[in-house]
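Colleague: Structure, please.
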Amino acid sequence: MNKKVDQAFDTMLRNWKSMSGSANDDAEATANEFEASFYVFIDALREWVNELDPRPQSLEELLALPVIQEMADRLPAPLLLNFETEAELIVERIIRTEEDKYD
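Modeller: Residues are numbered from 1 along each chain as shown. Sure thing, here's the model as predicted:
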């Protein structure tokens, strides 16, 4: 894995923890910060996957990579489905537009 993906992943996890522990007053701001960091991570992951040789051709191939398994193991359960959904889009070379991203 490259440094950009690792940093984006760590930032996203920190923001998740911050959001999970935020008070009602800060909830919207921390949720927005988490969401932004999640998609920064996904964009970095997409770039990395697109540079792989050979590039995974299915979600199963991508999820079978040890580094991806390690990340999935570190993700909180509520994020796993979103991660897998985005991973599938990466494999299929589909890029979400801003309005298609989760709110």
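Colleague: Now for the residue nearest to residue 65 when sequence neighbours are not counted: which residues touch it?
Modeller: Nearest-residue entry for residue 65: residue 56, 7.0 Å, with adjacent residues in sequence omitted and distances by CB to CB, 6 or more residues apart in numbering. No exception for glycine: its C-beta is placed from N, CA and C like everyone else's. Counting by CB atoms under 8 Å, 6 or more residues apart in numbering, residue 56 touches 49, 62, 65, 91.
Colleague: State the number of residues packed around the first one.
Modeller: Yep, that's residue 49 we're talking about. If you count neighbours by other CB atoms under 10 Å, residue 49 ends up with 18.
Colleague: start the count at 41, not 1, going forward
Modeller: Taking 41 as the first residue, the last one we looked at is residue 89.
Colleague: So it is in contact with residue 129, correct?
Modeller: No: taking CB atoms under 8 Å as the definition, residue 89 is not a contact partner of residue 129, at 10.7 Å.
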